[in-house]
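Chemist: how would this look folded up:
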Amino acid sequence: MFLYGENMASIENISRGSPRVPIGLGSLEAQLMELLWHSGESLRGQEILKNLQGRHNYKTVMTVLNRLVEKKLLERTLEGKAYLYRTVETRETFIRSIAEDLVGGYKKAYGSLGLQYLLDAAQTEMGGSIKDTEPAKQDWGDEDKPSQSSRIATLLTVVIGLEVLRIIFGRK
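Modeler: Got it, this is the predicted structure:
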């Protein structure tokens, strides 16, 4: 599913028909996305380049920005003679969609048994058990209380999301 590289993750087309896959974030793509998420506003190519503090040339940055637009991770609008770039979704939404695609792809590839093994591995990694975990809110009525499968799905989303972050952004 992943092509591991020093600062790169590539996700095969495992989503539910999403037009923005496959997603592959290289080191510069990840830097640009982080910069735009952190800024919280639209930025011109020159402003983005300035924030990179001279580590990349203008043509390289513009090429990568255009690739992110093609992947539907960024949008651009023409203002005067320059394009303004902004993220399509929040960082959290981006990570969630990757995690959901990964879980869906994993289930499609390995079935429910594969998901159970993944859950077991996540529990071992976390040093606990989902059965030992109590919901934060204790006063739910029976119909509002999350089911075991719902809690498992939530945990899997979190665990896979963290793994995706580690892979995409090269942290250990």
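Chemist: what's the domain layout of the chain?
Modeler: Under the assignment named as automatic domain parsing, the residue ranges that make up the domains of the chain are 9-87, 91-169.
Chemist: and those, which one's lowest on average pLDDT?
Modeler: For the domains of the chain, the weakest mean pLDDT is recorded on domain 91-169, namely a mean of 70.
Chemist: so what's residue 112 up against?
Modeler: Neighbour list for residue 112: empty [criterion: CB atoms under 8 Å, 6 or more residues apart in numbering]. Using the backbone N, CA and C atoms, a C-beta is placed for each residue, glycine as well.
Chemist: What residues of the helix or strand it falls within count as buried?
Modeler: Following DSSP states H and E, the helix or strand that holds residue 112 is helix 91-126. For helix 91-126, the neighbour count (16 or more other CB atoms under 10 Å) marks 94-103, 105-107, 115, 118-119, 122-123 as buried.
Chemist: same question, stretch 52-69
Modeler: Applying a neighbour-count criterion of 16+ other CB under 10 Å, the buried positions in stretch 52-69 are 56, 61-62, 64-65, 67-68.
Chemist: From the rest of the structure, what touches it?
Modeler: By CB under 8 Å, 6+ apart, the residues outside stretch 52-69 that reach it are 26, 28-29, 31-33, 35, 45-46, 48-49, 74-76, 85.
Chemist: One more pass at 7 Å, please.
Modeler: 28-29, 32, 45, 48-49, 74-76, 85 (CB atoms under 7 Å, 6 or more residues apart in numbering).
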